[in-house]
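# Any chance you could fold what I've pasted below:
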Amino acid sequence: MNAWLDEFFAHYYRRRPVNATFIGVHSYDHLLPDYSERAVEETVAEMEGLLARLGSLPTEGLTDFERLDLKLAAGYLRSQLWEFNSSHFHRGNPSHYVGEAVFGVLGLFLTDYAPLEQRAEAAVARLEATPALFEQARTNIRQAPRAWVEKAIDECDGALALLRQGIDRLILDHGIAGGRLRAAADRACDSFASFQAWLRAELLPASNAAYACGEEAFDLLLREAHCIALGADELLAYAQGQLAEAEAYLVAHAADFGAASPAEALARLEDLHPSPDGYYASFAALWEQARALAISKGLLTWPDFPIRYVAQPAWVRDAAPKLYFLPYRAPAAFHRPPVHDYLVPPLDRSLPEEEQERFLRAVHTEVIKLNHVVHHGGIGHHVQNWHAYRSRSRIGQVAAVDCASRIAMLCGGTMAEGWAVYATGLMAEAGFLTPLEEYAEVQTRRRMCARAVVDIQLHRGVFSLADAERYYQERGGMAAAAAHSEAVKNSMNPGAAMMYLYGCDRIRELRRTLEARMGSRFSLRHFHDTFLSYGSIPVALIAAEMERSFGHV
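Take a look at the predicted model:
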C-alpha cells in the first residue's frame, strides 16, 4: 500500500511541478507542466495504470488513515481523468497556462526555503520554458469561454508587470547578481506579450459560453472529491433555504444598529478602522488577542507556528492586482521556513490623505479582524494547516496547500474552507466579535450560500454566466465587479464554491451530534483537536469516522 502511495505522489509531483514547489517538494523547481500531446497521453496512462493497480491491492490490515488515503487518491485520479478530457483544464482554459507560468516564478521567491541563488537559477529555467508552454496552449486550445480568455489577457498584464519592473526591484532589493535572471525575464516578456496578442486576435473572437462542466461531471466531483453522499438537488435546496434565512435575519436586525437597511448597517463598519500610523501594527495586535482568547477558552491546541504580518513586497505590488495573489498562502507542507510571512495589503503613505482614508475604509478593522486574522492567519487556515501537516493522512498533509490558481487537491476543500468559516463562528461564541461584526458575519453567510447556489446551478447549465452575476448582485449583496469576478472563478473551478457552506455546516452538525452523545464528557478542545488531526480531507469522511468512534471509549 505504501509503495502504491509512493508511486501516486511521485506521479503527482512529476506531472505538476509548480504544485510541487508550493507543497515543498523541490526536485522539479526548474520545470513547468508539460501539456504536449505525448506528455498528456503519458499522464493519462499513468493515472489509469495507478487506478488499475489499486484495484488489485490487498486491503486487509490497513489502518484507518491508509484506507482513507487510498480512497482519496482513487477519487483524485478519477476526477483528474475527467479534467484531462474536459474543456475545463489544458484543453480549454488559457488562464491555467498563464497562472502556471507566472506562479512558477513567483512561488520560488515568496518564501526563503533555499539559498536565493538556487531559487534564481530555478526561475531562469522556468522563464526559459515559458515559450514552449504557451506554444502548447496554442496547439491545445481551439475555443474557450470568453470570460476565461479575458481573464488570461488581464493576467498577462500582471505577468508583464512582474517581469519588467518587478524583477528589477527583486534583483535590487535582494542583491542578486541578476544578469541571467534579467535576460530570461526579457525573453519571457516577449513570450507573454505574444501569447496575449494571440488571445486577443485569435482566441477572443472564437470564444464561446461553455462555462458549465455538466451535471454528470459535477456529481462526479461531489462524489469522488468531496465524498458527499447528498445529491446536487439536496445541496441546492439546503443552500437556498439557508440563504433565505440569512436574508431575513439581515433585514429584521438592521434596526438593532439604528439603520433602515442591511446595507446602511454594514456601511458603518467602514468608519471603524486603524489610523495610518497604526495600520500594520493592528494585524499582529488583533492576532495576539485572538490567540490569547482561544487559549484561555480552551478551544483547541494552539500551535507554535509563528506567523509574521509584513507589507506585501514592493517587487510584486504592480503585478498582484491582476493575479491570483493571496495575502495568506498556505505554508509549504514540507521544508518550510521557521516563520511564515502574511503579506498585508500595502498602505501607500505617499498618497494624499483622502486616498489613504479611502484605503483604510476598505481594509477596516472588521476586515482585518475576521478575514486576515481569524479566517486566514489565525485559528482558521493557519492553525488548521499546522494540524494538517502533522496528520497521519499523507493526502491530508498536502491537499489544501495553495498552488497557482487553486488548492493542490479539491478533496481538501471542505475541511480547509469549512473549518475557516466554522472557526469564525467559534470565535464569535467565545466573545471575540462585536455585535456589528456578528451581524456582518450573517452577510458573509448570505454570500456563502449564494456561492453554493451559483456553483450548482452554473455547472448544471441552469445559470448562464450573466445569470450567476445577477444572482450574486441581487441575492448575495455583491457589487457588479465582485459578482463578475466571483462568477468567473466559479465557472473555472466546479465544486469549489459550495464546499464552504457544506464544510462549515457539516462540522457544526458533527459537533451537535457528539455533544448530545457525550453530555458532560464532551470536551470542545478534544473535539477540535481530534477533528483537525485528520488533516485536509473531506469533512464528510471525518464526520463518518468520528461518529463511528468518538465518545465510545
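# Can you pull the domain assignment for the chain?
What automatic domain parsing lists as the domains of the chain is 2-203, 215-505.
# Looking at those domains, which is nearest to A540?
Counting by CB to CB, A540 lies closest to domain 215-505 out of the domains of the chain; the figure is 4.7 Å. To be clear about C-beta, it is placed using only N, CA and C from the backbone, and glycine gets the same treatment.
# For this protein, which segments count as strands?
Taking DSSP state E as the test, the strands found in the chain are 307-311, 340-344.
# and of these, who's closest to A468?
Each of these has some distance to A468 by CB to CB; the shortest is strand 340-344, at 29.6 Å.
# how deep is the nearest residue to A408 once chain neighbours are set aside tucked in, by neighbour count?
In space, and not counting its chain neighbours, A408 is closest to V401: 4.7 Å by CB to CB, 6 or more residues apart in numbering. Residues within reach of V401, counting by other CB atoms under 10 Å, total 25.
# so what's V401 up against?
N19, F22, I23, A330, A332, A333, I407, A408, G412 (CB atoms under 8 Å, 6 or more residues apart in numbering).
# and if you look at Y502?
Here Y502 is in contact with H226, I228, L235, T414, G418, A452, V539 (CB under 8 Å, 6+ apart).
# Quick check, pLDDT for V553.
Reported pLDDT at V553 in the predicted model: 45.
# repeat for D6
With respect to pLDDT, D6 scores 97.
# Same check on T424?
pLDDT, read off for T424, is 98.
# And the closest residue in space to it that isn't next to it in sequence, how close does it get to R446?
Spatial nearest neighbour of T424, chain neighbours left out: V374 (5.2 Å); criterion: CB to CB, 6+ apart. Applying CB to CB, to the nearest Å, the value for V374 to R446 is 18 Å.
# PyMOL command to pick out the buried ones of the contacts of Y502?
Remark: buried members of the contacts of Y502, expressed as a PyMOL selection using 16 or more other CB atoms under 10 Å:
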select buried, resi 226+228+235+414+418+452+539
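# how about TSV for the contacts of Y502, with distance to A123 and pLDDT added?
Output for these, formatted as TSV (distance: CB to CB, whole Å; pLDDT from 0 to 100):
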residue	distance to A123	pLDDT
H226	35	98
I228	40	97
L235	42	98
T414	34	98
G418	35	98
A452	39	98
V539	37	98
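# I'd like to know how many residues surround A267.
A267 has 12 neighbours, counted by other CB under 10 Å.
# picking up where we left off before, just the pLDDT for the residue nearest to T424.
At V374, the model reports a pLDDT of 98.
# just checking, L162 touches D318?
Yes - if you go by CB atoms under 8 Å, L162 and D318 touch, sitting 7.5 Å apart.
# Please, where are all the helices along the stretch 451-553 of the chain?
465-475, 480-492, 498-518, 524-533, 539-549 (DSSP state H, counting those that start in this stretch).
# Could you dump the contacts of Y502 into JSON lines with distance to F109 added?
Shown next, in JSON lines, are the contacts of Y502 (distance: CB to CB, whole Å):
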{"residue": "H226", "distance to F109": "33"}
{"residue": "I228", "distance to F109": "38"}
{"residue": "L235", "distance to F109": "40"}
{"residue": "T414", "distance to F109": "31"}
{"residue": "G418", "distance to F109": "31"}
{"residue": "A452", "distance to F109": "36"}
{"residue": "V539", "distance to F109": "34"}
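# Inside helices: which ones of the contacts of Y502?
Of those, the ones assigned to helices by DSSP state H are L235, T414, G418, A452, V539.
# which one of these is nearest R187?
T414 (41.9 Å).
# so what's that closest one closest to, chain neighbours aside?
Leaving aside its sequence neighbours, T414 sits nearest to G503 (CB to CB, 6+ apart; 3.5 Å).
# Any idea which of the helices of the stretch 451-553 of the chain gets closest to H253?
Nearest to H253 among those is helix 465-475 (18.1 Å), distances taken as CB to CB.
# pretty sure L272 is touching E366, no?
Yes - here L272 reaches E366: they are 6.8 Å apart, a contact under CB under 8 Å.
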